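*Asks:* how would this look folded up:
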Amino acid sequence: MHRSITENTLFYGDNLSIMREYIASESVDLVYLDPPFNSSRTYNVLFRDESGKHSEAQIEAFEDTWHWGPDAEQTYHELVTEASDEVSKAVAALRELIGTNQVMAYLVMMAARLVELHRVLKPTGSLYLHCDPTASHYLKIVLDTIFDPRQFRNEIIWKRTSAHGDAKRRYADVSDTILFYTKTNQAEFSVQYKPHDQSYVDKFYRHVDPDGRRYQIDNLTSPNPRPNLVYDYKGYKPHQYGWRVSRERMERLDAEGRLYFPKNLDGRIRQKRYLDEMHGNPISNVWDDVQPVSSHAAERLGYPTQKPLALLERIINASSNPGDVVLDPFCGCGTAIAAAQKLGRKWIGIDVTHLSIALQKYRLEAMFPGIEFEVRGEPGDVGAARQLALDDRFQFQWWALSLVRAKPLGSKSGGKTGKKGADRGIDGIINFFDGGGKPKRVLVQVKSGKVKSGDIRDLVGTVEREGAAIGVFITLENSTRDMRTEAASAGFYRSDGWGQDYPKIQILTTEELLHGAGIKMPPQYGTFKESQRVRADAEEHPRLNF
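*Replies:* Predicted structure coming up:
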């Protein structure tokens, strides 16, 4: 029994349990997933400072270190004992072949989720799995087992970058693989096209109308004898086999300006075929025309594995229709759901970090002002926030920072990716401008345990040491009178740009934040890079009625 869900929903949590609990069988039209690939790689959410350089502020959203342990063993046991006979045999054979290592832990994790994704797909549905050569060959075996080899459609090669410095003892690694499967032979598919090469245009579309439209001329002679289509037209004689079109059709083409008349009446009338009305070249399984998200791209959010909108738009246009449901169970920074929203599809996104959920919320709100969607799994009250802090204090910290749109600083594992708490006393940063070209900063600390006045004195010292404008202390517990006194004694930050004073040190409880409270500071600030707004006109962004 699956709970009913509202499309256009973001879920925080493990996608396996969420799919099992919330998503009904045969309810999804298209699945796109871009799971972590490489067992030696750590994924970070990187942010950029105003100069465009990588900021020292970065946070590990999740680590792709799938080690064989109790969780992998349990999932393996479930697949062998509860999945179909084909899946059970395939997973057991892979373990025999690969052993109990990181790769096998990864494949077990993916196999369990692919079983669920197959279940939720409609008979007309499709799945696109984005991966790299590290595990694509193993994943294809798993997909063949779950979907049936006959439902394999393509191995798409996407050129994601240009040649680079790894071409020393091998060919440069410049591509990703996208495995395309369908649930049945009834799956939706619309051929996609790309514009003709300029050399082709120059060669075959040599003619230009006075209004600038390029065209080529096409033969109107019938390939076979057609006595009923032998007629003169405006003094031009037909071929001995006759025309390809009836007189009525010929007159209609003439009225529309689609006929080419040679100067000599002994010549043959031809039909104009305009370049701007041609589909172009059908897209093949090698995609070298979709550019990656460059460091200077307007859509870049600073997420290292961010895929270009154009890539997801091609997939969504090819394998779904307006109003269909698109599911991304590893939605990261939300490119798939942003593309789905833009193209008038419904969507469901799932991610395992509050940081990613926050990034997606900001992205959707920036791209589609006034958009309505639901977020499930975030704390809605103090009790839920307290439980999150007990379960994972780092997730609590990321969630609390998202309530004030602060950029996280540091990492869960420590090490070179960040200097957390004890080193600098900063958990998050908000940059803002208050006149002049140099940004100013708000420093944010988050506490989920007991708090005292000494914490505020420490924050005052950190703000002074770092030359920040304002310090904010977010606490799960209620603040004490001594804490409030310490904060008040810190005085004010004077905004020359806005001619207003703001408390230098501010204390906010999670309960206050959940009820709409916010930081008192100059209003023009931006921490997360905002996405470009999408025009919400009828053609580009149809309104969905649920």
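*Asks:* Spatially nearest residue to Lys450, not counting backbone neighbours?
*Replies:* The shortest distance from Lys450 to any non-neighbouring residue, by CB to CB, 6 or more residues apart in numbering, is to Glu477 (6.4 Å). Bear in mind the C-beta positions are built from the backbone N, C-alpha and C, glycine included.
*Asks:* hang on, that neighbour packs against Asp455?
*Replies:* No. The pair Glu477 / Asp455 is not scored as a contact, 10.7 Å apart, by CB atoms under 8 Å.
*Asks:* Which one of the two is surrounded by more residues?
*Replies:* Applying other CB atoms under 10 Å to Glu477 and Asp455 shows that Asp455 carries more neighbours, namely 20 against 16.
*Asks:* The more buried one falls within a helix, correct?
*Replies:* Yes. Asp455: assigned to a helix according to DSSP: H, G, I helix; E, B strand; the rest coil.
*Asks:* What residues does it make contact with?
*Replies:* Counting by CB atoms under 8 Å, 6 or more residues apart in numbering, Asp455 makes contact with 445, 447, 473, 483.
*Asks:* do the same with Asn224
*Replies:* Tyr241.
*Asks:* quick one: low-confidence parts of this protein?
*Replies:* 1-6, 37-66, 163-167, 293-305, 410-424, 524-546 (pLDDT under 70).
*Asks:* For the longest helix along it, output the C-alpha coordinates as PDB.
*Replies:* If you go by DSSP state H, the chain has its longest helix at helix 102-120. The C-alpha coordinates for helix 102-120 follow below in PDB (Å, rounded to 0.1, in the frame of the first residue of the first chain):
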ATOM      1  CA  GLN A 102      33.100  -1.400  -3.100                       C
ATOM      2  CA  VAL A 103      32.000  -2.100  -6.700                       C
ATOM      3  CA  MET A 104      29.700  -4.900  -5.500                       C
ATOM      4  CA  ALA A 105      28.300  -2.800  -2.700                       C
ATOM      5  CA  TYR A 106      27.500  -0.100  -5.300                       C
ATOM      6  CA  LEU A 107      25.800  -2.600  -7.600                       C
ATOM      7  CA  VAL A 108      23.700  -4.000  -4.800                       C
ATOM      8  CA  MET A 109      22.600  -0.500  -3.800                       C
ATOM      9  CA  MET A 110      21.700   0.200  -7.500                       C
ATOM     10  CA  ALA A 111      20.000  -3.100  -8.100                       C
ATOM     11  CA  ALA A 112      17.600  -2.700  -5.300                       C
ATOM     12  CA  ARG A 113      16.700   0.800  -6.500                       C
ATOM     13  CA  LEU A 114      16.400  -0.200 -10.200                       C
ATOM     14  CA  VAL A 115      13.900  -3.000  -9.100                       C
ATOM     15  CA  GLU A 116      11.800  -0.200  -7.600                       C
ATOM     16  CA  LEU A 117      12.200   2.100 -10.500                       C
ATOM     17  CA  HIS A 118      11.000  -0.700 -12.900                       C
ATOM     18  CA  ARG A 119       8.000  -1.200 -10.600                       C
ATOM     19  CA  VAL A 120       6.900   2.500 -10.600                       C
END
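*Asks:* which strands and helices sit next to that helix?
*Replies:* Packed against helix 102-120 by the contact rule (3 or more CB pairs under 8 Å, 6 or more residues apart in numbering; DSSP states H and E) you find helix 15-22, strand 28-33, helix 70-82, helix 85-98, strand 121-131, helix 136-147.
*Asks:* what's the most buried one of these?
*Replies:* The highest mean neighbour count among the helices and strands packed on helix 102-120, using mean count of other CB atoms under 10 Å, belongs to strand 28-33: a mean of 26.
*Asks:* From the chain's centroid, how far away is that strand?
*Replies:* 13 Å (CA atoms, centre = their mean, to the nearest Å).
*Asks:* elements contacting that strand?
*Replies:* Judged by 3+ CB pairs under 8 Å, 6+ apart, the packing partners of strand 28-33 are helix 102-120, strand 121-131, helix 309-319, strand 325-328.
*Asks:* Now do the contacts for the residue nearest the centre of the chain.
*Replies:* The centroid of the chain falls nearest to Thr335 when counting by CA atoms, centre = their mean (1.7 Å). Contacts here follow CB under 8 Å, 6+ apart; on that basis Thr335 touches 306-309, 311-312.
*Asks:* And those, which is closest to Glu512?
*Replies:* Nearest to Glu512 among those: Gln306, at 33.1 Å, using CB to CB.
*Asks:* Distance-wise, check Met278 relative to Pro195.
*Replies:* Using CB to CB, to the nearest Å, we find Met278 at a distance of 9 Å from Pro195.
*Asks:* Those two: who's more crowded?
*Replies:* Taking other CB under 10 Å, Met278 and Pro195 do not tie; Met278 has more neighbours (16 against 13).
*Asks:* With adjacent residues omitted, what lies nearest to that one?
*Replies:* Going by CB to CB, 6+ apart, Met278 has His196 as its nearest residue, at 7.5 Å.
*Asks:* Would you agree that neighbour is in contact with Pro282?
*Replies:* No. Applying CB under 8 Å, one finds His196 not in contact with Pro282, separated by 11.4 Å.
*Asks:* who has more neighbours, the two?
*Replies:* Per other CB under 10 Å, whichever of His196 and Pro282 has more neighbours is His196, with 17 against 9.
*Asks:* Quickly note the distance from that one to Gly280.
*Replies:* Counting by CB to CB - His196 and Gly280 are separated by 6 Å.
*Asks:* and what of Asp173?
*Replies:* 29 Å.
*Asks:* quick one: the helices in the stretch 351-500 of the chain?
*Replies:* 354-367, 382-391, 393-403, 453-466, 481-489 (DSSP state H, counting those that start in this stretch).
*Asks:* Output those as JSON lines; include the columns distance to Met104.
*Replies:* Formatted as JSON lines, the helices of the stretch 351-500 of the chain follow (distance: least, CB to CB, whole Å):
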{"stretch": "helix 354-367", "distance to Met104": "26"}
{"stretch": "helix 382-391", "distance to Met104": "28"}
{"stretch": "helix 393-403", "distance to Met104": "27"}
{"stretch": "helix 453-466", "distance to Met104": "45"}
{"stretch": "helix 481-489", "distance to Met104": "51"}
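*Asks:* just checking, Ile177 is part of a helix?
*Replies:* Not Ile; residue 177 is Thr. No. Using three-state DSSP, the assignment for Thr177 is strand, not a helix.
*Asks:* Identify the residue nearest it in space, chain neighbours excluded?
*Replies:* For Thr177, ignoring the flanking residues on the chain, the nearest one in space by CB to CB, 6+ apart is Ser136 at 4.5 Å.
*Asks:* same deal with Tyr231?
*Replies:* Nearest residue to Tyr231, sequence neighbours excluded (CB to CB, 6+ apart): Arg247, at 5.7 Å.
*Asks:* same deal with Val208?
*Replies:* Counting by CB to CB, 6+ apart, Val208 lies nearest to Arg214, which is 5.5 Å off, once chain neighbours are set aside.
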